[in-house]
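> Give me a 3D structure for the following:
(one chain, ligands or ions: 1)
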Amino acid sequence: MEKCSGHSKNDYVCSTIHFKMDKEVILQIFSGGFAETPATYESIMEKLEPVVSRIRVSKVFMGMSVDRDLYARIRDYLFKNNIEFYLWLPVFAELDALRAGRPLIDFHGKDKSDYELSEREDFTFYCPNHPLNLLNVLFIFEEHFDAIGFTGVFLDKIRYASFANGLNNVLTCFCPFCQMKYNAIGFDAQVLEPSIEMLLQKKTPFGTLEYDQGRYLFDDDRWTNFFYLKNKYITEALKGLFLYFREKKYKISLDVFAPFVSEFVGQDVPELSNYVDSIKPMMYRMTNAPAGLPFELEALIQETTSKESQRQAFYNILGFNPQKQPFDLDFAVRDLFDLVHQSKAPIYPGVEFNRTRIAPVTPAYIEETIKAYAQTGIKGFVMSWNLLNAPQENIDKVIKLFS
Ligand SMILES: [Zn+2]
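Predicted coordinates for the structure are as follows:
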């Protein structure tokens with residue numbers, strides 16, 4: 001990449017003059033959920049082969065159907081073309097079809113099944129401290145996937161529930177295993193109770209005063225400590241998984257939230273980056289569903305504020321411009337840039353190229369987003385989250401940008 005002198009980190013406009021793509025391309029393929037009929041080999045190859053024959057693809061992340069033969073055939077094709085093959089594997093959600101997970105328990109002792117299901121709650125999240133939940137991942141992996149010969153694992157849902165699942169699901173977990181951990185270090189969860197009641201009266205969500213490089217400064221230490229522990233527990237649980245996959249010689253990649261939401265869901269991405277081969281922050285500016293930037297920001301604000309002034313104050317803290325459509329590109333670039341420079345592992349932001357009702361992605365959006373993100377020091381892109389739903393014009397745009 002040619003360097004521009006005299007530009008700040010946010011000034012990606014110069015890329016239109018000097019743009020020359022030198023980034024890796026990773027393709028993400030959703031082959032069906034654990035309980036669903038998997039996509040066919042033919043339907044995958046129909047989309048995959050034209051891309052692989054035109055541009056250099058370094059890796060494919062594929063999951064989560066349970067169809068050994070399908071994976072084996074795709075593996076053979078990819079390895080023949082010198083492309084790494086990663087299993088897309090959820091960790092703290094979505095495993096119920098194969099093994100029942102132990103859910104997060106909220107402050108009042110309720111689990112997810114006590115809540116009325118709404119459109120916004122699409123996953124039950126499991127407690128990272130419950131030993132059975134980690135064991136489930138290992139059992140599932142050994143039973144269905146270990147023999148296939150993947151290059152690596154692409155770990156998804158490595159977090160607590162987000163605001164997309166409602167505030168009560170963020171204020172977790174208070175199961176007996178978590179209580180034991182809190183007690184062991186002298187953290188009294190009861191101190192949170194008055195703070196929860198005061199939440200909507202704060203000037204900003206959770207009384208945030210500042211946001212800098214993926215970290216919030218809270219006006220109340222109770223929240224600082226609570227979120228610190230959530231980050232610590234996810235990291236501890238994952239370190240066990242990393243060790244397991246390392247011993248089996250698998251490479252490890254992580255699917256993570258954008259920095260501005262990661263602290264709230266227990267993802268200390270700079271810390272996690274010490275243990276893995278690559279990281280994919282989901283920088284989806286067009287996706288109006290969980291993990292999508294506009295969706296998660298809106299859920300965070302709606303769940304934690306009641307007044308317009310609180311919303312505006314939070315935008316100011318973030319340096320976010322709500323007038324820009326789709327989701328403020330300058331803000332996304334800054335957030336990504338900061339993560340790239342904190343991470344020990346190479347960063348490959350996820351950019352949508354599928355088109356669905358909740359993500360009306362166009363070629364112009366792909367070009368604008370990729371050219372801007374390319375200026376942040378990333379190693380490449382994960383074209384997300386499903387090649388099989390990408391319309392031809394979006395695929396053509398990706399091929400053009402990377403050839
Ligand atoms: Zn728990």
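
> Nearest residue to the middle of this structure?
Most central in the chain under CA atoms, centre = their mean is residue 256, positioned 2.9 Å from the mean C-alpha point.

> my guess is that residue contacts residue 263, does it?
No: counting by CB atoms under 8 Å, residue 256 does not reach residue 263; the two are 11.5 Å apart. All C-beta atoms are positioned from the backbone trio N, CA, C, and that covers glycine.

> End to end on stretch 268-284, go ahead and measure it.
Terminal residues of stretch 268-284 are spaced 19 Å apart (CA to CA, to the nearest Å).

> for stretch 58-66, same thing?
Termini of stretch 58-66 sit 24 Å apart (CA to CA).

> And the contacts of that stretch?
Identification of contacts with stretch 58-66 by CB atoms under 8 Å, 6 or more residues apart in numbering yields 24-34, 36-39, 48, 71, 74, 78, 83-90, 94, 98, 144, 151-152, 154, 156, 253, 380, 382.

> List buried residues within these.
Buried members of the contacts of stretch 58-66, scored by 16 or more other CB atoms under 10 Å, are 24-32, 34, 38-39, 48, 71, 74, 78, 83-90, 94, 98, 144, 151-152, 154, 156, 253, 380, 382.

> picking up where we left off before, residue contacts, the residue nearest to the centre of the chain?
Residue 256 sits next to 158-159, 262, 267, 269, 272, 279-282 when contact means CB under 8 Å, 6+ apart.

> out of everything not next to it in sequence, what's closest to residue 358?
Ranked by CB to CB, 6 or more residues apart in numbering and with sequence neighbours excluded, the top spatial neighbour of residue 358 is residue 289, at 4.4 Å.

> Tell me how far residue 316 lies from residue 331.
12 Å (CB to CB, to the nearest Å).

> Between these two, tell me which one has more neighbours.
Taking neighbours as other CB atoms under 10 Å, residue 316 and residue 331 compare with residue 331 leading, 22 against 11.

> OK, contacts around that one?
Residues in contact with residue 331 (CB under 8 Å, 6+ apart) are 318-321.

> wait, which of the residues you listed is closest to the ion?
residue 318 (29.5 Å; CB to the ion).

> And for that closest one, the neighbour number?
With neighbours defined by other CB under 10 Å, the count for residue 318 comes to 20.

> next one: residue 344
By other CB under 10 Å, 12 other residues sit near residue 344.

> which ones are touching it?
270, 273-274.

> just checking, which of those belong to helices?
Judged by DSSP state H, the subset of these located in helices is residue 270.

> Only whichever of the contacts of residue 344 are buried, select them in ChimeraX.
Typed into ChimeraX, the line below selects the buried ones among these, using 16+ other CB under 10 Å:
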select :270,273
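
> And the closest residue to residue 213 other than its chain neighbours, which helix or strand is it part of?
The shortest distance from residue 213 to any non-neighbouring residue, by CB to CB, 6+ apart, is to residue 338 (4.3 Å). Assigned by DSSP states H and E, residue 338 belongs to helix 329-342.

> Quick one: mean pLDDT over that helix.
Helix 329-342 carries an average pLDDT of 98.

> Downstream of it, the next helix or strand is which one?
strand 350-352.

> Count the residues that sit near residue 363.
Neighbour number of residue 363 under other CB under 10 Å is 17.

> Point out where this protein drops to low pLDDT.
The model of the chain has pLDDT under 70 over residues 1-20, 112-122.

> Spell out which residues of it are next to the ion.
Contact residues, the chain versus the ion (CB under 5 Å from the ion): 127, 129, 173, 175, 178.

> How about the contacts made by the second one?
Which is residue 129. Residues near residue 129 by CB under 8 Å, 6+ apart: 173, 175, 177-178, 181, 233, 237.

> Return the subset of these lying in strands.
Using DSSP state E, no member of the contacts of residue 129 falls in strands.

> Could you dump these into a markdown table and include distance to residue 67 and neighbour count?
Formatted as a markdown table, these follow (distance: CB to CB, whole Å; neighbours: other CB atoms under 10 Å):
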| residue | distance to residue 67 | neighbour count |
| --- | --- | --- |
| 173 | 33 | 29 |
| 175 | 34 | 20 |
| 177 | 34 | 18 |
| 178 | 36 | 22 |
| 181 | 38 | 17 |
| 233 | 33 | 19 |
| 237 | 28 | 23 |
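
> And those, which two are furthest apart?
175 and 237 (13.4 Å; CB to CB).

> elements contacting the helix or strand that contains residue 370?
Using DSSP H and E, residue 370 sits in helix 363-373. Taking 3 or more CB pairs under 8 Å, 6 or more residues apart in numbering; DSSP states H and E as contact, the helices and strands that helix 363-373 lies on are helix 15-18, helix 329-342, strand 350-352, helix 392-402.

> switch to 6 Å and redo it
helix 329-342, helix 392-402 (3 or more CB pairs under 6 Å, 6 or more residues apart in numbering; DSSP states H and E).

> max-length helix in this protein?
Secondary structure assigned by DSSP H gives helix 221-247 as the longest helix of the chain.

> how close does the closest residue to residue 35 other than its chain neighbours get to residue 28?
Counting by CB to CB, 6+ apart, residue 35 lies nearest to residue 97, which is 3.7 Å off, once chain neighbours are set aside. Between residue 97 and residue 28 the distance, using CB to CB, works out to 20 Å.

> For burial, what's the neighbour tally of the residue lying closest to residue 304 once chain neighbours are set aside?
Take residue 304 and drop its neighbours on the chain: the residue closest to it by CB to CB, 6+ apart is residue 205, 3.7 Å away. Neighbour count of residue 205, defined by other CB under 10 Å: 25.
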